[in-house]
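Trainee: Predicted model follows, preceded by the sequence.
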Amino acid sequence: MFDFTDDEDLQRLTRDIYEQGGVVSSVCHGYCGLLNTKLSDGNYLISGKTISGFSWLEEIIAGVKNKVPYNAEDLAKKHGANFKKSILPFKGYVEIDGRLVTGKKPNSAHKTAVATMKILGKH
């Protein structure tokens, strides 16, 4: 997650998949790769979208808030995302917003994959 936000190759790949009608999915800190991804029109991919991922409260509880380089939840909100999470920390949670599927924790991976497959018409 440390270098996901500034990885231009990841941003380009994500933008290309999304703009060509593909599904973009992430789990846990994977959403950090979406935070600075801009579409061809200059808008952030996550702007106006409901997403989830590892929350700032979970960073605090895990004792790593001073070790991570940025507050991903706040950055998501700054870039226009509607960030949602489960009421209880560390519980699985998935958000589906069109062709964007995001899971909050590794235990959300199965539900994230199933949702992605449904959108792709594979399940």
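Mentor: That came through fine. Nothing here was measured: the structure is a model prediction, and the numbers come from that model.
Trainee: Okay, now the unreliable bits of this protein?
Mentor: For the chain, the stretches flagged by pLDDT under 70 are 123.
Trainee: How is the residue most central in space within it assigned, secondary-structure-wise?
Mentor: The chain has residue 31 as the residue nearest its centroid, 2.7 Å off, counting by Cα atoms, centre = their mean. Classification of residue 31 using DSSP: H, G, I helix; E, B strand; the rest coil returns helix.
Trainee: Wait, it touches residue 73, no?
Mentor: No. Between residue 31 and residue 73 there is no contact under Cβ atoms under 8 Å: 9.3 Å. C-betas here are computed from N, CA, C, even on glycine.
Trainee: anything in contact with each of these two?
Mentor: residue 53 (Cβ atoms under 8 Å, 6 or more residues apart in numbering).
Trainee: Same question for stretch 37-57: list its buried residues.
Mentor: Neighbour-count burial for stretch 37-57 flags 37, 44, 45, 46, 49, 51, 52, 53, 54, 55, 56 (criterion: 16 or more other Cβ atoms under 10 Å).
Trainee: One more: stretch 115-123?
Mentor: Within stretch 115-123, judged by 16+ other Cβ under 10 Å, the buried ones are 115, 116, 119.
Trainee: Stretch 86-95 too?
Mentor: With burial defined by 16+ other Cβ under 10 Å, the residues of stretch 86-95 counted as buried are 89, 90, 92, 93, 94, 95.
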